[in-house]
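>>> please find the sequence and the predicted model below.
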Amino acid sequence: MANAKRGGPNPVDVEVGARIRARRRALRLSQSQLAEALGITFQQVQKYERGANRVSASMLVGIAQVLSTSVAELVGENARPPASDATANELMATFQGLTRTEDRQTIMAVARAFRSAEAAKSAA
């Protein structure tokens, strides 16, 4: 593996950081809120999300708990490429543009149904 000091951040660390950032944003948490829940500074969260600092196993478990996801999801063991920032941003902007609670609830129900179906397919 390439030394992160010589060639920049390790690509695996960058990918894990991107997944942490995407999940945090999906939950509409700030870096400060995540940091407070983890007992670290928001600057450390920034470094994790950029891939500048590696996330230890124990911290990864803590992050997964706070973000209500699995470690496997954060490290990409789900064999599904993470959504691009542009796609995630577009999805969030569209969702936030919905003003009726019923519409938001319907979208969430559909998303959960897709997630359940995908999980069932993966388990089979």
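Sure thing, it's come through.
>>> show me what the one helix or strand Phe95 maps to is packed up against.
Phe95 is part of helix 85-96 when elements are defined by DSSP states H and E. Under the contact definition 3 or more CB pairs under 8 Å, 6 or more residues apart in numbering; DSSP states H and E, helix 85-96 sits against helix 11-26. To be clear about C-beta, it is placed using only N, CA and C from the backbone, and glycine gets the same treatment.
>>> which outside residues touch the helix holding Phe95?
The set of residues external to helix 85-96 that reach it, using CB atoms under 8 Å, 6 or more residues apart in numbering, is Ala18, Ala22, Arg25, Ala26, Ala83, Arg104, Ile107.
>>> flag whichever of those residues scores worst on pLDDT.
For the contacts of helix 85-96, the model is least confident at Ala83; its pLDDT is 62.
>>> quick one on the thing from earlier: and the contacts of helix 85-96, which two are furthest apart?
Spanning the widest gap among these are Ala18 and Arg104, at 25.7 Å by CB to CB.
>>> more crowded one of the two?
For Ala18 versus Arg104, the count of surrounding residues by other CB atoms under 10 Å is larger for Ala18: 20 against 13.
>>> from Arg25, how far out is the more buried one?
According to CB to CB, to the nearest Å, Ala18 stands 11 Å off from Arg25.
>>> just Lys47 next, same as before
For Lys47, the distance to Arg25 equals 17 Å [CB to CB].
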